[in-house]
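Peer 1: no letters, just coordinates:
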């Protein structure tokens with residue numbers, strides 16, 4: 001009987017470790033998704049700001065020349 005109890009305790013510890021690993025995997029996955037979203041937003045924001053400042057430069061240049 002003693003061996004059976006030890007086996008059950010070992011399984012319970014193993015299950016608790018699996019839960020920890022699963023939580024870690026979800027954390028890593030969330031970090032990867034956050035990085036991808038951040039990179040996409042940064043790229044789009046950079047493009048938008050570049051276009052805005054180009055348009056402002058064009059408008060300012062036209063105003064000065066007229």
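Peer 2: Thanks, I have the structure now. The structure presented is a predicted model; accordingly, all values stated were derived computationally and were not measured.

Peer 1: now find how far off-centre the helix or strand encompassing residue 41 is within its chain.
Peer 2: Assessed by DSSP states H and E, residue 41 sits inside helix 2-65. Once both centres are worked out by CA atoms, centre = their mean, to the nearest Å, helix 2-65 turns out to sit 0 Å from its chain's centre.

Peer 1: residue closest to the middle of the chain?
Peer 2: In the chain, the C-alpha nearest the mean C-alpha coordinate belongs to residue 34, at 1.4 Å (CA atoms, centre = their mean).

Peer 1: any idea how far it is from residue 27?
Peer 2: Here residue 34 is placed at a distance of 10 Å from residue 27 (CB to CB, to the nearest Å). Glycine gets a C-beta too; all of them are placed from N, C-alpha and C.

Peer 1: before we move on, the earlier item: quick check: mean pLDDT across the helix holding residue 41?
Peer 2: Helix 2-65 shows a mean pLDDT of 84.

Peer 1: for it, packing partners?
Peer 2: Helices and strands touching helix 2-65, by 3 or more CB pairs under 8 Å, 6 or more residues apart in numbering; DSSP states H and E: there are none.

Peer 1: mind checking how far residue 56 is from residue 49?
Peer 2: Distance from residue 56 to residue 49, by CB to CB: 10 Å.

Peer 1: for residue 38, same thing?
Peer 2: 16 Å.

Peer 1: and for residue 25?
Peer 2: Here the criterion is CB to CB. By it, residue 25 lies 36 Å from residue 49.

Peer 1: still on that earlier bit, pull up the gap between the residue nearest to the centre of the chain and residue 45, please.
Peer 2: From residue 34 to residue 45 the distance is 16 Å (CB to CB).
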